[in-house]
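K.L.:
Provide a 3D model corresponding to the input given below.
(2 chains)
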Amino acid sequence: MSLKPEKWVEAHSDYLYSYAVTRIFNKEDALDLIQETFFAALKARDSFKGESTERTWLTAILKRKIIDYFRKKTSSRMELTDTTSGKDNRFQEGGPFDGHWKQEHAPRGWRIEADMLEREEFQHIFNRCLSFLPASWSAVFTLKTIEEYSTEEICKELQITPSNIWTTMHRAKLQLRDCMEKNWFDNKRKV
Amino acid sequence: MSLRRKISILAARLTITCDRATQLMAQNPEEKISFSRQLQVRLHLLTCKACRNFYQQMTYLSRSVKGINKKLQSGKSLFPLSSDAKALLEKELRDKLKE
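P.N.:
Down below sits the predicted model:
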């Protein structure tokens, strides 16, 4: 099997673009990454052995571009420690209920409909909520939860510690939960 | 050690705050947490409705991630590229091929 660069845009650009947008949550940057991926692929064309499909090969290049993108975004490590130090403001500080939910932030039940996960509208809002996370948080969330890299790999790539990862995941998931509740589940409730 | 002291140590180990419980739950499913921590979370959930909601919602958010990946693999584009963007990419790729 050989590469057909003249067909790449037609055959793979929608896929690669969707792949990038659902990882970095920024459409402009995603488009830049696709262009860089195609150029890098052209350059490395001779290394393609035909052991995988063209799409798998291009995706592997894009995955590397995504990591590099996150490395640049998180190069100021201070942001990560600054935004994750101290107690999250959803929880009470001091008093007999120290560390327990403040009433207004306590998660309420969601009305979950059977086919919701498959709905495009839901997926768009989910992706939008992820785009609201601070850059270094979404880097950790994407690599851990979506790309399923090991803790060791993420520590190495982003120059952070495992405890940075878990504090960040906690904060990211709290914020993601709030965002989905406000923008999807509360709206549903009103309807 | 007195029995009372033993019980208070046990209680302190078993009772965790919502902050701590959600932190441990947020590690799931990416990381397996130790049995004693799983137990702490379970006991906390018995007494805390808000954290039970949180737990269910985390499961749901993990499934959302899987749903998006499934959609991606199905070939249906969640975010299709505009025809303008495609045309520009085509042109740039053609230019590069000529080099």
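
K.L.:
helices along the chain, start to end?
P.N.:
You didn't say which chain, so I picked chain A. Residue ranges of the helices in chain A, as given by DSSP state H, are A:8-24, A:27-43, A:54-73, A:78-84, A:120-131, A:135-141, A:151-158, A:162-180, A:186-190.

K.L.:
the intended chain is chain B.
P.N.:
Counting by DSSP H, the helices of chain B are B:3-14, B:18-26, B:35-47, B:49-73, B:83-98.

K.L.:
let me know which of those helices is tucked in deepest.
P.N.:
Looking across the helices of chain B with neighbours counted as mean count of other Cβ atoms under 10 Å in any protein chain shown, the highest average goes to helix B:18-26: a mean of 21. Just so you know, the C-beta spots here come from the backbone N, C-alpha and C atoms, and that holds for glycine as well.

K.L.:
still on that earlier bit, out of the helices of chain A, which is closest to residue B:37?
P.N.:
The closest of those to residue B:37 is helix A:162-180. By Cβ to Cβ, the value is 11.9 Å.

K.L.:
and that closest one, what does it pack onto?
P.N.:
Secondary-structure packing of helix A:162-180 (3 or more Cβ pairs under 8 Å, 6 or more residues apart in numbering or on different chains; DSSP states H and E): helix A:78-84, helix A:120-131, helix A:135-141, helix A:151-158, helix B:18-26, helix B:49-73.

K.L.:
out of the helices of chain A, which is the most enclosed?
P.N.:
Note that of those, helix A:135-141 is the most buried (mean count of other Cβ under 10 Å), with a mean of 24.

K.L.:
follow-up on the earlier one: nearest to residue A:182, of the helices of chain B?
P.N.:
Among those, the nearest to residue A:182 by Cβ to Cβ is helix B:49-73 (12.9 Å).

K.L.:
now do the closest one, average pLDDT.
P.N.:
Helix B:49-73 shows a mean pLDDT of 93.

K.L.:
what does that helix rub up against?
P.N.:
For helix B:49-73, contacts defined as Cβ atoms under 8 Å, 6 or more residues apart in numbering or on different chains pick out A:15, A:18-19, A:22, A:101, A:106-110, A:112, A:117-118, A:122-123, A:126-127, A:145-146, A:173, A:176-177, A:180, B:18, B:21-22, B:25-26, B:28-29, B:44-45, B:78.

K.L.:
and residue B:98, how far from residue B:65?
P.N.:
Using Cβ to Cβ, to the nearest Å, we find residue B:98 at a distance of 41 Å from residue B:65.

K.L.:
same check, this time on residue B:86
P.N.:
Taken as Cβ to Cβ, the span from residue B:86 to residue B:65 is 27 Å.

K.L.:
got it, and residue B:5?
P.N.:
45 Å.

K.L.:
check what pLDDT residue 85 gets.
P.N.:
Just going to use chain A. 62.

K.L.:
oops, wrong one, chain B.
P.N.:
96.

K.L.:
how about low-confidence regions in chain A?
P.N.:
Along chain A, segments meeting pLDDT under 70 span A:1, A:76-86, A:188-191.

K.L.:
please repeat the previous calculation with a cut-off of 90.
P.N.:
For chain A, applying pLDDT under 90 flags the ranges A:1-3, A:49-51, A:73-89, A:94-98, A:111-118, A:185-191.

K.L.:
now the residue of chain A found nearest chain B. Nearest residue, chain neighbours left out?
P.N.:
Proximity of chain A to chain B (Cβ to the nearest Cβ) peaks at residue A:99, 2.8 Å away. Spatially, and ignoring its direct neighbours in sequence, residue A:99 is nearest to residue B:17 (2.8 Å; Cβ to Cβ, 6 or more residues apart in numbering or on different chains).

K.L.:
grab the nearest non-local neighbour of residue 90.
P.N.:
This is for chain A. Nearest non-adjacent residue to residue A:90 (Cβ to Cβ, 6+ apart): residue A:105, at 3.9 Å.

K.L.:
oops, I was thinking of chain B
P.N.:
Closest to residue B:90 by Cβ to Cβ, 6+ apart is residue A:9, at 4.8 Å.
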